[in-house]
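[1] Everything below, folded, please.
(2 chains)
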Amino acid sequence: MNYEAVIGLEVHAQMLTETKIFCGCSTAFGSEPNTQTCPVCIGMPGVLPVLNRKALEFTIRTGLATNCRIAPHSRFARKNYFYPDLPKGYQISQYELPICEGGFLEIIVDDAVKRVGITRIHMEEDAGKNIHEGRGDHSFVDLNRAGVPLMEIVSEPDMRSPKEAVAYMKKLRTILLYLGVCDGNMEQGSLRCDANVSVRPEGQREFGIKTELKNINSFRFVERALEYEIKRQIGLLREGGKVVQETRLWDSAAAITQSMRSKEEAHDYRYFPEPDLVPIAAGEQWVEEIGSSLPELPDAKRKRFITDYGLPEHDADLLTSERAVADWFEAAVAAGGQAKAVSNWMMGDLMRYLNEEGRSISECPLKPSQLAVMLRLIDDGTISGKLAKTVFDEMCRTGKDADVIVKEQGLVQISDKDAIESVVDETLARNPKEVGRYRAGEEKLLGFFVGQVMKQTKGKANPQILNDLLKRKLSG
Amino acid sequence: MTLAELRQSLDTGDADPAAVLDDCYRRIGEVEERVKAFITLTKEQAYEAAGAAAERIKSDRSSLLTGIPVAVKDNMCTLDIPTTCASRILKSFVPPYESTVTSRLKAEGCCMVGKTNMDEFAMGSSTENSGFYATANPWDLTCVPGGSSGGSAAAVAANECIAALGSDTGGSIRQPASFCGVVGLKPTYGRVSRYGLVAFASSLDQIGPVTKTVMDAAIMLSFIAGHDPSDSTSAPMEVPDYASQLGQGLKSLRIGIPKEYFIEGMDPDVDRAVRSAIDVLVSLGARAVDVSLPHTRVAIAAYYLIATSEASSNLARYDGVKYGFRAEGKDLIDTYRETRAQGFGPEVKRRIMLGTYALSAGYYDAYYRKAQQVRTLIKDDFQKAFGDVDVIVTPTSPSPAFGLGEKVTDPLTMYLSDIFTISVNLAGVPAISVPCGFTATGLPVGLQIIGRHFDEGTVLRTAHAYERSTDWHLRRPPL
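    Okay, here's the model as predicted:
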């Protein structure tokens, strides 16, 4: 019997607000423990939460961008449980009446477009962090993160493979980055993912018993943890066993999932409406304003790149995967760069450079207009494509413009036919044996002669002219 | 002396703030050993404030509250001054912040003489649930002062301060005011900021004044009321000048008499006192109208589900991790368990357990949700009644102060002493308790006047008119 996996994801995204969700403390990452706290976010007696309107706006933005309904009346709830990093003994979250419901987003897997439903998006506060390492036999609590605003984005169980789950995560991350509501950093935990997964015999309508996977905090782990868990569940069923409803923890070192707590041990969170906050009434007009201020979203941008710039789908996919990359591309084109050439340079040399340097495109020393200038120099024959690679590296290294580098280093291409011809003649004269072999049919030796001439001219010989000359002379 | 009288003496220079404080602390010295109204005395800060107040008065920058000695219930956070909630678990807690109400009083130049005793976390009706000691009723030291703001009511009645702040979740200002023969006002939910009030039941808690006269209550309210950006549930509404509206009289005022509040088993002296108070109001021009609040009988049940549910969550933060009392356990769970076992008193534990149960999976719909539905019906009762009348008049409590120790072992009977005050909190409407007589044994009786949402003005006006034609409020306990 063949089995089919059913996957739903719960994604927690830290919002990029400057202050926490219920107080004025900073949300900056990486400060000394407990320096970004106040009586409100450390849960002192008698203090009260006040909603950060920006957090509400960010959540509504995300809801609108993922085709959700924005609830005209929404409210917060308390999720009660004891843990040292939870200063009030409850987390302010949403339960009944979340702010966004009933949306979807589209993913492309194996060239097919698939719609994944979004059940709900709600706001909540993050907890602090317990620190156990390096402090003797004591544990410590850092509450800097307590009260940082989170969105919980819950998908429908619409995904059928780990690949689809990864595509969904990636698409969601792209949208969050486009909206500027989350930095999408999975290593620092600003984007976290839990997965609900079950399997069922192909063709069966009812869902199988699901497990919840926690601690899958990279795209790679999402894929590997799901693959492992699906295999485990199918294995159990094939052996006549049963899947137990439970929460399982992904152990990335051992590459396995392990039982964390059973359904019976699951917390009873005793949700009830938060009496310290008034119900949220997101006015229609405000929601419309937020909607009209949304940036162009990845799907729309991708389509436009294909139609307006004539880019292949593959190029459009890559260039729109990040808003900053797309903006860079459009700036370079606007500065006069030919679209496909800009795309090629970006997907090739630029991405390689950024990867090597570990930088994002926004930290790139090379400006889009500088790439456009360099492309012009190639077009008008001032430099060859080969020389351009040297110029490109120099531009990234020094931040200087291409024409300046060309002038300073004398990189101007030699297109003077006579000048090249004399070097060609000289080269042929120096290598009679190779000339003989070439003429005897060993035509791959052309590359050898090109190399020799380029060496002599420090790579500046116009390759087109050189090729023509060499072929003519060798055959003659 | 009342607040209004003292104001005059201070402004004319007949009294100065430091001398007023001297009198206050002398009186505290005389009676406190017997009354035990306070948990903490804040002499040093009080005299400092008195010095500043004297300067303000001298330079004509004083407000109605400048130099007035007040007491504050010990569940309102006061910067650098212990705030214990009368609980062992917060015995060592010193807030690094100030509640909105106390900072407003401070800004006016009030002198806080101390923090008053209460039932632990405001859970109780007699102040016997204090984690430290019980407070005695100044009218009869063998009786309770009521609760949970028993310390504030006793301090005002015993003249240990001029006015006080209390908090009222189910009657905790009005019932002790009634037991101690003073005025106690619970404002509309949302009228006064709760920021810095240690929460018992967030959707019911409201801070209000305890005073010697209605005029004083009106003055106090006008300073503590008003929107506070730190409390989302505080109403962004204008605060009227209550004191200037007091003298408008009761002509054509319609007062509702709810039949459900004159029940069998009520103390006959209370019944008599309240009925003659209604006669007085009618003689002043008001018209008595029978009204019905049919859901009154289920109010206590709904209240004890909602209040305990919220409390079970509000009190979860006292886990020994961050502040306050900690009992070191062998591991985390053990530390939680021991801290809370040793830190909380029996009534608090009882309510945490009740609330935890009511919110649990499988019980939520039958208890918490049902209670919220009942709450809506109770609100509707009041709204309907207020279509026909301007205020509703009832006894504050079915009985006068009971003996210390008399009901401690019987929580259910204790809960019933709030039967006339609880609906008001569930509906969120304002209500006052004013002295309206004495029992044969000399214990005070209180009259409750309930008003529409945010209509404290009419409540105060009615109470003031009544007070002016009676002299109950002039009697002083034989201390």
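[2] okay, CA-based contacts and neighbour counts for the rest of this
    OK.
[3] In space, what's closest to residue 251 - neighbours in sequence excluded?
    In the absence of a named chain, chain A is used. The shortest distance from A:Asp251 to any non-neighbouring residue, by C-alpha to C-alpha, 6 or more residues apart in numbering or on different chains, is to A:Thr257 (5.8 Å).
[4] Correction: the question concerned chain B.
    In space, B:Lys251 is closest to B:Gly285, 4.7 Å off (C-alpha to C-alpha, 6+ apart).
[5] For that neighbour, grab the count of nearby residues.
    14 (other C-alpha atoms under 10 Å in any protein chain shown).
[6] Could you do A:Gly136 as well?
    Going by other C-alpha under 10 Å, the residues that sit close to A:Gly136 add up to 7.
[7] State the distance from it to B:Ser232.
    42 Å (C-alpha to C-alpha, to the nearest Å).
[8] what's the answer for B:Ala199, then?
    14 Å.
[9] Looking at the two, which is more packed in?
    B:Ala199 (28 against 22).
[10] Chain neighbours aside, what residue packs nearest to that one?
    A:Gly46 (5.6 Å).
[11] Same question for B:Gly124.
    B:Ser148 (5.3 Å).
[12] Hmm, that neighbour is touching B:Thr116, no?
    No. Using C-alpha atoms under 8 Å, B:Ser148 is not in contact with B:Thr116, being 10.5 Å away.
[13] Same drill for these two, tell me which one is more crowded.
    B:Ser148 (34 against 31).
[14] which residues touch that one?
    B:118-119, B:122-127, B:167-168, B:172-173, B:176 (C-alpha atoms under 8 Å, 6 or more residues apart in numbering or on different chains).
[15] Looking at those residues, which one is closest to B:Ile306?
    B:Met123 (13.3 Å; C-alpha to C-alpha).
[16] returning to what we had before: in contact with the residue nearest to B:Ala199, which residues?
    B:76-77, B:99, B:194-199.
[17] Chain neighbours aside, what residue packs nearest to whatever residue of chain B ends up closest to chain A?
    Closest to chain A within chain B is B:Val198: 3.8 Å, counting by C-alpha to the nearest C-alpha. Closest residue to B:Val198 apart from its sequence neighbours, by C-alpha to C-alpha, 6+ apart: A:Gly46 at 3.8 Å.
[18] do the same with B:Ala299
    Nearest non-adjacent residue to B:Ala299 (C-alpha to C-alpha, 6+ apart): B:Ser423, at 5.8 Å.
[19] max-length helix in chain A?
    helix A:219-238 (DSSP state H).
[20] Flag every residue of chain A that's near chain B.
    A:39, A:43-50, A:80, A:82, A:84, A:87-90, A:268-272, A:275-278 (C-alpha under 8 Å from any C-alpha of the partner chain).
[21] List only buried entries from those residues.
    For these, a burial check counting by 16 or more other C-alpha atoms under 10 Å in any protein chain shown picks out A:43-50, A:80, A:82, A:84, A:87-90, A:269-272, A:275-278.
[22] which ones among those residues are found in helices?
    Here DSSP H is the test, and those give no hits in helices at all.
[23] Next, check the residues of chain A next to chain B against the strands and list the overlap.
    Among the residues of chain A next to chain B, the ones falling in strands (DSSP state E) are A:80, A:90, A:272.
[24] Find the nearest non-adjacent residue to whichever residue of the stretch 101-250 of chain A sits closest to chain B, please.
    Residue nearest to chain B within the stretch 101-250 of chain A: A:Val141 (8.9 Å; C-alpha to the nearest C-alpha). Nearest residue to A:Val141, sequence neighbours excluded (C-alpha to C-alpha, 6+ apart): A:Asn130, at 4.5 Å.
[25] my guess is the one you found contacts A:Ser139, does it?
    Yes. A:Asn130 is within contact range of A:Ser139, at 6.8 Å (criterion: C-alpha under 8 Å).
[26] So which of the two has more stuff around it?
    Neighbour comparison, A:Asn130 and A:Ser139: the larger count goes to A:Asn130, with 15 against 12 (by other C-alpha under 10 Å).
[27] In a strand, the more buried one, correct?
    Yes. Applying DSSP: H, G, I helix; E, B strand; the rest coil, one finds A:Asn130 inside a strand.
[28] can you pick the most crowded of the contacts of A:Gly46?
    In terms of neighbours by other C-alpha under 10 Å, these top out with B:Cys77 at 32 neighbours.
[29] phi, psi of that residue?
    B:Cys77 adopts backbone torsions of phi -70, psi 130, taken as degrees, to the nearest 10.
[30] Tell me if I'm right that A:Leu311 and A:Lys340 touch.
    Yes. The criterion here is C-alpha under 8 Å, and A:Leu311 meets it with A:Lys340 at 6.4 Å.
[31] ok, those two, which is more surrounded?
    A:Leu311 (19 against 15).
[32] hmm, back to that, the next helix or strand after the longest helix of chain A pairs with which strands?
    Using DSSP states H and E, the helix or strand that follows helix A:219-238 in sequence is strand A:246-251. Using DSSP bridges, the strands paired with strand A:246-251 are strand A:211-214 (parallel), strand A:256-262 (antiparallel).
[33] gap between the shortest one and the chain center?
    Think strand A:211-214. On the basis of C-alpha atoms, centre = their mean, to the nearest Å, strand A:211-214 sits 23 Å off its chain's mean C-alpha point.
[34] hmm, who's touching that strand?
    A:193-198, A:225, A:243-250, A:257.
[35] What subset of the residues you listed is buried?
    A:193-198, A:225, A:243, A:245-250, A:257.
[36] Give me the phi and psi angles of A:Val11.
    phi -110, psi 130.
[37] and if you look at B:Glu347?
    According to degrees, to the nearest 10, B:Glu347 has phi -70, psi -40.
[38] Check what pLDDT it gets.
    Per-residue confidence (pLDDT) for B:Glu347: 96.
[39] I'd say it and B:Met123 touch.
    Yes. Here B:Glu347 reaches B:Met123: they are 7.1 Å apart, a contact under C-alpha under 8 Å.
[40] and the two? which has more neighbours close in?
    Higher neighbour count among B:Glu347 and B:Met123: B:Met123, with 27 against 18, using other C-alpha under 10 Å.
[41] which residues touch the more buried one?
    Per C-alpha under 8 Å, 6+ apart, neighbours of B:Met123: B:129, B:148, B:200, B:347-348.
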